[in-house]
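Asker: take this sequence and fold it.
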Amino acid sequence: MAIRYEDTKVERLLLKEYLREIALTLKKIEGLGEIENRLSKFENLFAKYIGTKYSIAVNSGTDALQLSLLGLGISKGDSVIIPNITYPAVPLSIIYTGAEPIFIDVKEDDLEMNESLIEENIRNNTKAIIAVHMFARPCNLNRIIKIAKKYNLYVIEDCCQAESSEYKNKKLGSFGDLSCFSFSYYKPLSSCGGGGGMICFNDEKYKKIADYTRIWKDDEVLLKAGRRFARMYLLDLISIEVKFRYLKEIIKSRLKIKKIYEENLAKIKGIKIFKDKDDVLSVPQNFVIFSEERDKLGKYLKEKGVVWQKPYTPLHLMGIFKKYTSSSFPVSDKYWKKAIQLPLFSFMNEEECLYITNLIKKYYRNKS
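Answerer: Next up, the predicted model:
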């Protein structure tokens with residue numbers, strides 16, 4: 001029995017519907033204007049789903065981040081605060097604008113940005129905080145937004161790992177000045193495998209950002225942006241539209257597996273799990289645990305057919321970001337040494353999850 005971290009079961013289940021929708025679309029659409037209308041229709045649908053006034057369909061979550069920074073006027077000489085545990089696209093997007101990323105360690109209880117460290121890291125040139133919702137859980141939005149208002153900073157919500165997750169009964173992405181989403185293949189709402197991203201807006205910045213996606217019409221805007229930002233591709237849009245019809249079922253399936261993991265791993269000595277706090281509903285892309293014997297446990301699981309994923313490399317340990325690192329990151333170091341990201345995918349079978357949890361139980365029983 002092999003259980004893969006990046007299983008595409010949902011794509012296989014929806015394959016016939018994808019093919020049917022692609023065929024119907026290609027027969028019906030005759031020009032670019034019709035594609036734009038279809039994109040606009042989905043943008044309105046997604047904005048309503050998240051709880052924002054506007055959204056813009058773009059090519060990837062990375063493009064969404066870069067466009068957000070450009071739209072807020074972040075540029076050379078500025079700095080932006082981010083968590084030390086995140087996908088490298090976050091600091092790279094900041095560097096792309098000419099600004100400097102400032103890394104903040106995470107908290108032991110949820111692995112989200114430690115908001116208590118933000119104020120001491122604010123500089124005269126700090127313009128924004130990217131509130132990255134890692135592992136589908138929200139960082140402390142109340143506190144972060146309060147700090148941002150105190151120092152007149154923008155807040156960008158990075159929901160690339162937290163689409164459909166909620167904080168106080170509101171969808172993540174509806175709290176900050178701007179928000180970014182990714183629809184890459186292992187997300188709850190995803191394309192068949194490509195990028196596909198979304199930026200949501202609540203104010204007049206919508207028009208400015210939208211113009212950056214049409215810069216092939218305007219040399220001056222193209223020069224200001226520094227590159228061409230593509231709209232979401234048609235095939236990505238089609239697959240996301242299909243999957244959106246089943247999003248409630250997809251979310252339900254993921255929450256079911258999360259609950260099984262929690263119930264079966266919570267009492268194992270030597271394992272630490274991370275449960276949702278009050279007023280939080282996380283729709284996970286994986287299930288993160290800490291093990292004091294991570295490498296040995298990980299080897300055992302792989303020998304038994306469980307293809308888990310290693311933790312994200314903390315930014316301060318990546319050579320390309322060394323010059324932006326000036327402090328210690330003890331919680332990030334602990335995550336790097338102890339974390340295992342277990343498989344959790346749409347429509348994962350209960351038996352598959354129990355197989356994994358039983359293996360972990362057996363590993364620790366054999367040690368006692």
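Asker: tell me where the stretch 51-200 of the chain has strands.
Answerer: For the stretch 51-200 of the chain, the strands defined by DSSP state E, counting those that start in this stretch occupy 54-58, 79-83, 100-104, 126-132, 154-158, 166-167, 170-171, 178-182, 197-201.
Asker: what are the phi and psi values at the spatially closest residue to Gly51 that is not a sequence neighbour?
Answerer: Distance criterion C-beta to C-beta, 6 or more residues apart in numbering; nearest residue to Gly51, sequence neighbours excluded, is Ser174 at 3.9 Å. Bear in mind the C-beta positions are built from the backbone N, C-alpha and C, glycine included. The phi/psi pair for Ser174 (degrees, to the nearest 10) reads phi -110, psi 10.
Asker: what's the burial count for Ser174?
Answerer: 19 (other C-beta atoms under 10 Å).
Asker: likewise the one 4 residues further on?
Answerer: Residues lying near Leu178 (other C-beta under 10 Å) number 28.
Asker: contacts only, for it.
Answerer: 68, 71-72, 154, 156-157, 199-201, 205, 209 (C-beta atoms under 8 Å, 6 or more residues apart in numbering).
Asker: same thing with Ser253?
Answerer: By C-beta under 8 Å, 6+ apart, Ser253 lies in contact with 346-348.
Asker: find the helix or strand that Lys302 is a member of.
Answerer: Using DSSP states H and E, Lys302 sits within helix 294-303.
Asker: by contact count, what packs against that helix?
Answerer: Judged by 3 or more C-beta pairs under 8 Å, 6 or more residues apart in numbering; DSSP states H and E, the packing partners of helix 294-303 are strand 339-342, helix 350-367.
Asker: beta partners for the closest residue to Gly173 other than its chain neighbours?
Answerer: Using C-beta to C-beta, 6+ apart and skipping residues adjacent in sequence, the residue nearest Gly173 is Ser179, 3.8 Å away. Counting by DSSP bridges, Ser179 is bridged to Glu157, Cys200.
Asker: hang on, Ser179 packs against Gly197?
Answerer: No: taking contacts as C-beta atoms under 8 Å, Ser179 lies outside contact range of Gly197: 10.9 Å.
Asker: of these two, give the one with the bigger neighbour count.
Answerer: Neighbour count, other C-beta under 10 Å: between Ser179 and Gly197, Ser179 has more, with 29 against 24.
Asker: identify the residues contacting the more buried one.
Answerer: Counting by C-beta under 8 Å, 6+ apart, Ser179 has contacts 50, 52, 68, 156-159, 172-173, 199-200.
Asker: let's see it at 7 Å
Answerer: 156-157, 159, 173, 199-200 (C-beta atoms under 7 Å, 6 or more residues apart in numbering).
Asker: turn the residues you listed into CSV, including pLDDT, distance to Glu17 and neighbour count.
Answerer: What follows is those, written out as CSV (pLDDT from 0 to 100; distance: C-beta to C-beta, whole Å; neighbours: other C-beta atoms under 10 Å):
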residue, pLDDT, distance to Glu17, neighbour count
Ile156, 97, 34, 27
Glu157, 97, 31, 29
Cys159, 96, 26, 30
Gly173, 96, 26, 29
Ile199, 87, 27, 30
Cys200, 87, 26, 28
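Asker: related to what we said a few turns ago, now the residue nearest to Gly173: how far from Arg365?
Answerer: Per C-beta to C-beta, to the nearest Å, Ser179 is found 44 Å from Arg365.
Asker: cool, thanks, talk later.
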